[in-house]
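Chemist: give me a model of this one.
(one chain, ligands or ions: 1)
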Amino acid sequence: MITFDNESKIIKIDTENTSYAMKIVRGKYVAHLYYGAKTDGLSRLYKEKIVSFAPYPAEEGVKFSLDTVATELSFFGSGDLKDTAIKICGQNGDCTTLFKLEDFRIYKGGAKGGNLPYSRDGDETLELIYFDEVSGCKLHSYYTVYENSDTLIRKAKIVNESDSSVSIRALFACQLDFTDKKLDMLTLAGKYYSERHKQILPIGISRQSIYSKCGHSSHRHNPFAALVSKHIKENSGEAYGVLFGYSGDFEIQTEKLFGGFTRLLAGMNRDTFEWRLLPNEEFYSPETVLTYSDRGLNGMSQNLHDHIRKHIVNPKFVYAPRPILVNTWEAVYFKIDNDVILRYAENASHLGIDMIVVDDGWFGERDDDKAALGDWFVNRKKFPDGLLALAERVRDFGVKFGIWIEPEMINADSDLFRAHPEWVLGSKNREYSLSRNQLVLDLTNPEVADYVGDCIIAALKDVKPDYIKWDFNRSLTEVGSAYLPKELQGEASHRFVLGSYRLHEKLTRAFPDAVFEGCSGGGGRFDAGILHYVPQIWTSDQTDPVRRLPIQLGTSVAYPLSTMSAHVSHRKFNKLEEKPDYGFRFAVALWGVTGYETDITSLSADERETLKKQTRDLKKYQPLLLSGDLFRLDGLYKKEYAFAVVSKDKTEFLFDYISVGKKRNVSVKLFGLNENCVYTDEAGNGYSGKTLMQDGLKLQCTDKGKYCYSIRYFVCNYK
Ligand code: GLA
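Modeler: A predicted model of the protein is given here:
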């Protein structure tokens, strides 16, 4: 609910468990008052005082300084000496910016408009309307509330109402000022093969930032951060989650001053973003999802998971059964052809695997990663009868058909590049940097995006794939465009992201029944922007279960299991297993949307039985894994991982424990159960919810000496 109290001039946004409040000060400034657990009585929180050396607007007098007061948004060069949210340079080159509040509106539903992915629905929206009389721009700052998931969306629109062009140089539509909290910063840091490891950093008196300049949200930092209370636990402590919904270059930074004032900004990366706004044009920022929980990291994660599932991911797919697939990549890499695929399909049908995915290598002259990206027609040497005939034969086994594409990319050794060398991103008179032997298509040019989209549609339209894996295997460099005029070159980075979103729109519309899976050299584009188009994302190319565990744990801090694709593979080794242990690998791959990426054609008889049981179990567990509340369990040693997924009605839960150290005789405490339920596992052992939460579940581990694991599924019988 959003309310305005005319006497105190306080605007308050309440969700089920949180309050967010601001105050209109002196008729034209918006002070930030509060964000946290639900509360009333906020009027005492705003104070003005004289601070020596602080600048103040001449007309307001010495007691009011934009530098010392917490604000909702801050503006470059006009009295706030910290890093500021918005910077607009006018025609005369002056970049001083100062927006003053003109009006505000509160209305039902979300804020419409813009060309970026957005969260659906929304209970109510607050729209603050500011004006900068010098640049002649209007700023609309939106807050849409989602009461049940305790989330809030922030985004902004700038409209140029002047008669000359202006240039937007910084636009952080999400600013959060804290004056009285000691907080740490949690981020998801990594690299290729080790994405999204959870790290918690103290916030020093400095500016700290995570960012991407890779042209995609990146393996290095995820566009997510949380500000958390000291010594945060999974199930206790305060956590503010900030999820930036954008797939390109971003920046989330904190700045702390001596004395404790801390500001968080989330937006597009200032180094690679600028935007020219002609008279009457408007520009929308991407949106940021905010949440607060005093139920620890799990509480924050659950709020974000609910928001992503209910308002971001396509409702058609989010809770629908996901096909259990086998992907050819780690099974055979580029060595695919008709016979291989049919052999896999036949085996899949006996193992309870629903789908085969033909990964890289099916098109053009593609035998390795050096050639043919961009040539989206079937390779007749490998598939002489074409893809449709292949898909039909696969489907005859009762197995679905999935396929891999990488639409944004091109090899120099391709027919497309030979025909259109000007269709790649590049900077005039400079050499291209290569990465994985490939270049990037210039999607700022709509003709290029349309062409590549049409080619892929033509290649696949009869086949009607049941699943499409959309890869993106390099970062952007030399981000210039032969298509854009010189004064718009600085926009190429954001325009590329817009082009990519348009292409996602086009292909997801062309194949409305296909489950799309995002991918970027593993998990290099895992963000809330791309999740509008793809319900699941390949979490990492790292499929060694031991090294994958921290990746999955970190990813689940922000993203629900229903978005995290996780495969049982046989390729990647570690020091613990003597040979790939499918039981162990399955226990790890359960932490997400489980599939296979292994040679299912040469399994031993025992392994076949193991996989058959796993696929049967998965069909039982999957609805719960897709829709339940995730509790990461703590109180464990460093090498132990445990989670439980509890159904929303608390009538069932799945418990998964993995130790990559020695077996311990421990009990693991559960959370979020119904204390009056007796929960019974598949072997008929019953425990009361109260006991499981107070004393914990005593582990029965499949002990393999150096590691052990335990998967247990419980159903509630009411007392
Ligand atoms: C990337 C993906 C892999 C696979 C290969 C194919 O590395 O992450 O899963 O699809 O590309 O080239």
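
Chemist: contacts and neighbour counts: CA atoms only from here.
Modeler: Noted.

Chemist: so Tyr34 sits against Asp14, correct?
Modeler: No. Using Cα atoms under 8 Å, Tyr34 makes no contact with Asp14, being 11.3 Å away.

Chemist: what do those two both touch?
Modeler: Tyr20 (Cα atoms under 8 Å, 6 or more residues apart in numbering).

Chemist: what's the closest non-adjacent residue to whatever residue of the stretch 251-400 of the chain ends up closest to the ligand?
Modeler: Residue of the stretch 251-400 of the chain nearest the ligand, by Cα to the nearest ligand atom: Asp360 (4.7 Å). Spatial nearest neighbour of Asp360, excluding adjacent residues (Cα to Cα, 6 or more residues apart in numbering): Trp404 at 5.8 Å.

Chemist: and the one you found, what does it touch?
Modeler: Val357, Val358, Asp359, Asp360, Ile468, Lys469, Trp470, Asp471.

Chemist: where does Gln700 land on pLDDT?
Modeler: Listed pLDDT for Gln700 reads 85.

Chemist: show me what contacts it?
Modeler: Ser710.

Chemist: any buried residues in stretch 92-111, and which?
Modeler: Cys95, Thr96, Thr97, Leu98, Phe99, Lys100, Leu101, Ile106, Gly109, Gly110, Ala111 (16 or more other Cα atoms under 10 Å).

Chemist: repeat that for stretch 583-600.
Modeler: 583-600.

Chemist: same deal with stretch 660-673?
Modeler: Val660, Gly661, Lys663, Val668, Lys669, Leu670, Phe671, Gly672, Leu673.

Chemist: what is the lowest-pLDDT residue among those residues?
Modeler: Of all of the buried residues of stretch 660-673, Lys663 carries the lowest confidence score, 82.

Chemist: make sure Asp606 is indeed in a strand.
Modeler: No. Counting by DSSP: H, G, I helix; E, B strand; the rest coil, Asp606 is not part of a strand but helix.

Chemist: so what's the residue count around it?
Modeler: Neighbours of Asp606 under the rule other Cα atoms under 10 Å: 9.

Chemist: how far does stretch 298-318 sit from its chain's centre?
Modeler: 11 Å (Cα atoms, centre = their mean, to the nearest Å).

Chemist: so which residues make contact with it?
Modeler: 118-121, 149-151, 234-235, 239-241, 289, 291-294, 515, 528, 531-535, 556-560, 562, 626, 629-632.

Chemist: start to end distance for that stretch?
Modeler: End-to-end distance for stretch 298-318, by Cα to Cα, to the nearest Å: 21 Å.

Chemist: for that stretch, buried residues please.
Modeler: 298-314, 317-318.

Chemist: ok, stretch 140-155 next?
Modeler: Of all the residues in stretch 140-155, those buried under the rule 16+ other Cα under 10 Å are 140-147, 149-155.

Chemist: next: stretch 111-130.
Modeler: Buried, per 16+ other Cα under 10 Å, within stretch 111-130: 111, 116-130.

Chemist: all helices for the stretch 501-650 of the chain, in order.
Modeler: 545-558, 582-589, 605-627 (DSSP state H, counting those that start in this stretch).

Chemist: and the first one, what does it pack against?
Modeler: In this structure, helix 545-558 packs against strand 197-202, helix 296-307, helix 582-589, with contacts taken as 3 or more Cα pairs under 8 Å, 6 or more residues apart in numbering; DSSP states H and E.

Chemist: ok, residues contacting that helix?
Modeler: In contact with helix 545-558 (Cα under 8 Å, 6+ apart) are residues 188, 194-198, 224, 243, 297-298, 301, 304-305, 539-540, 542, 564, 574, 584-585, 588-589, 591-592, 641, 660.

Chemist: quick one: mean pLDDT for it?
Modeler: On average, the pLDDT along helix 545-558 is 97.

Chemist: any idea of the angle it forms with strand 197-202?
Modeler: 60 degrees (axes from the mean of the first three to the mean of the last three Cα atoms, to 10 degrees).

Chemist: same check, this time on the shortest one
Modeler: Per the same axes, to 10 degrees, the angle that helix 582-589 makes with strand 197-202 is 40 degrees.

Chemist: how far away from the center of its chain is helix 582-589?
Modeler: Per Cα atoms, centre = their mean, the centroid offset for helix 582-589 relative to its chain is 24 Å.

Chemist: now swap in the first one and tell me
Modeler: For helix 545-558, the separation from the chain centroid amounts to 14 Å (computed by Cα atoms, centre = their mean).

Chemist: okay, the angle between that helix and helix 296-307?
Modeler: 70 degrees.

Chemist: quick one: least confident helix or strand in this protein?
Modeler: Every helix and strand of the chain was ranked by mean pLDDT, DSSP states H and E. The lowest is strand 702-703, at a mean of 90.
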